[in-house]
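J.: Okay, predicted coordinates and the sequence, questions at the end:
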Amino acid sequence: MASLHLIEIKIEQNGQQQVFTPVILQDEIDMILIDCGYPDFIHLLDKEVSQHNLTLSSITKLIVTHHDMDHIGSLAALKRTYPHIKIVAHELEVPYIEGNKKSLRLEQAESTFSALPEEEKPFAEQFIDFLQSFEPIAVDQSVSHKEWLPWCGGIEVIHTPGHMPGHISLYISASKTLIAADAVVIENSELAIANPQYTLDLEEAVRSIQRVSEYDIEQLICYHGGLFHGDAKQALCQLIHKYTS
C-alpha cells in the first residue's frame with residue numbers, strides 16, 4: 001500500500017497565520033505531490049518534505065486540483081528545478097494553467113473592483129497584481145471525472161466543481177481516503193465550504209459535496225485544515241443539510 005504524508009506549511013500573511021496542507025503519496029515507483037502552494041514556496045516545501053525523510057527531487061508527478069494561486073503558485077518553478085516532474089490537472093483547468101485563458105479568480109477580482117469601498121481598493125489592486133504574476137506552465141496530462149490513475153495503488157479523480165469549474169478531489173480506495181483540496185475546508189474543527197462568498201458556483205459546490213459524500217471515507221484531508229478528526233461522512237451530510245434544508 002502507498003504511504004501518505006501531510007505536508008503542513010505555515011506562513012504569516014497580513015498579520016494572520018495561514019496553514020496549507022499539500023499531500024504526498026508514495027510507493028516504490030512514484031512520489032506524487034498534490035498541490036504546491038504560493039509562489040516562492042519551494043524552500044518551504046523542501047523543509048517540510050525533509051521532515052518526512054523525503055526530497056523534492058524524488059517527486060515524479062504533481063497533481064493540481066485547481067488554478068488558485070495558493071495551489072499552483074510554485075508550479076512553474078518546481079518544473080524548472082525538477083523537469084522530470086509530470087504535471088497533471090483536470091481538462092477544464094488546463095487552459096488556465098497553461099495561460100491560454102485568463103484566471104477565473106482574476107476575472108472575479110477585476111469584475112468586482114469598481115463596487116468596492118475606496119478603502120478596500122488598494123488591497124484589491126495588490127491582489128489583482130498578484131494574480132497577474134502567475135507564470136503559465138504546460139500540463140503533461142489532463143484527467144476527467146471518474147478517471148482511475150494507476151499510481152500509488154490507484155487514485156480516482158472526482159470532479160468537484162463549484163469553488164472552480166475544473167476543481168478535482170482525489171479518492172484513495174486502498175485507505176478510504178478523500179483528498180478534498182478546496183471542496184471543503186476545516187474551520188473551528190468543522191467542515192465548511194471554502195470562502196462561500198468567493199466560490200464561483202455555490203450550488204455546484206454543494207452538489208460536489210453530495211458527490212464525495214457517497215464514497216466510503218475513513219480519512220478526509222482538506223488543503224485548508226489538514227486531517228479532519230471525526231466522522232467524515234456524517235460531517236459531510238451535515239454540511240449538505242445546512243445548504244439544502
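T.: It's in.
J.: just checking, residue 206 touches residue 162?
T.: Yes - here residue 206 lies in contact with residue 162, judged by Cβ atoms under 8 Å, at a distance of 7.1 Å. Quick note: C-beta positions are derived from backbone N, CA and C, even for glycine.
J.: Compare these two (neighbour count), which wins?
T.: In this view residue 206 and residue 162 are compared by other Cβ atoms under 10 Å, and residue 162 has more residues nearby, 22 against 19.
J.: which residues does that one contact?
T.: The neighbourhood of residue 162, defined by Cβ atoms under 8 Å, 6 or more residues apart in numbering, consists of 183, 193, 199, 200, 201, 202, 203, 204, 205, 206, 207, 208.
J.: Now do it against residue 154, distance only.
T.: As defined by Cβ to Cβ, to the nearest Å, residue 162 lies at a distance of 25 Å from residue 154.
J.: State the phi and psi torsions of the nearest residue to residue 227 once chain neighbours are set aside.
T.: The shortest distance from residue 227 to any residue other than its chain neighbours is 5.6 Å, reached at residue 221 (Cβ to Cβ, 6 or more residues apart in numbering). Summarising the backbone geometry of residue 221 under the convention degrees, to the nearest 10, its torsions are phi -120, psi 130.
J.: Does residue 140 touch residue 86 like I think?
T.: Yes - with contact defined as Cβ under 8 Å, residue 140 reaches residue 86; the gap is 4.5 Å.
J.: quick one on the thing from earlier: what's the burial count for the residue nearest to residue 227?
T.: So residue 221, with other Cβ under 10 Å, has 24 neighbours.
J.: what about it, distance to residue 162?
T.: In this structure, residue 221 and residue 162 are separated by 18 Å, where distance is defined by Cβ to Cβ.
J.: Now residue 208: closest residue in space that isn't a chain neighbour?
T.: If the residues on either side of it in the chain are set aside, residue 208 comes closest to residue 160, at 3.7 Å by Cβ to Cβ, 6+ apart.
J.: Looking at the chain, name the residue that lies furthest from the middle.
T.: In the chain, residue 118 marks the outermost C-alpha relative to the chain mean, sitting 31.7 Å out by Cα atoms, centre = their mean.
J.: tell me the domain ranges of the chain?
T.: 3-99+136-244, 102-134 (automatic domain parsing).
J.: ok, so what distance separates residue 77 from residue 93?
T.: Per Cβ to Cβ, residue 77 is found 19 Å from residue 93.
J.: Those two: which has the busier surroundings?
T.: Comparing residue 77 with residue 93 by neighbour count (other Cβ under 10 Å), the higher total belongs to residue 93, at 25 against 16.
J.: thinking again about what came up before, what would the domains of the chain look like in TSV with mean pLDDT?
T.: Putting the domains of the chain into TSV (pLDDT from 0 to 100) gives the following:
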stretch	mean pLDDT
domain 3-99+136-244	96
domain 102-134	95
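J.: Nothing else from me, thank you.
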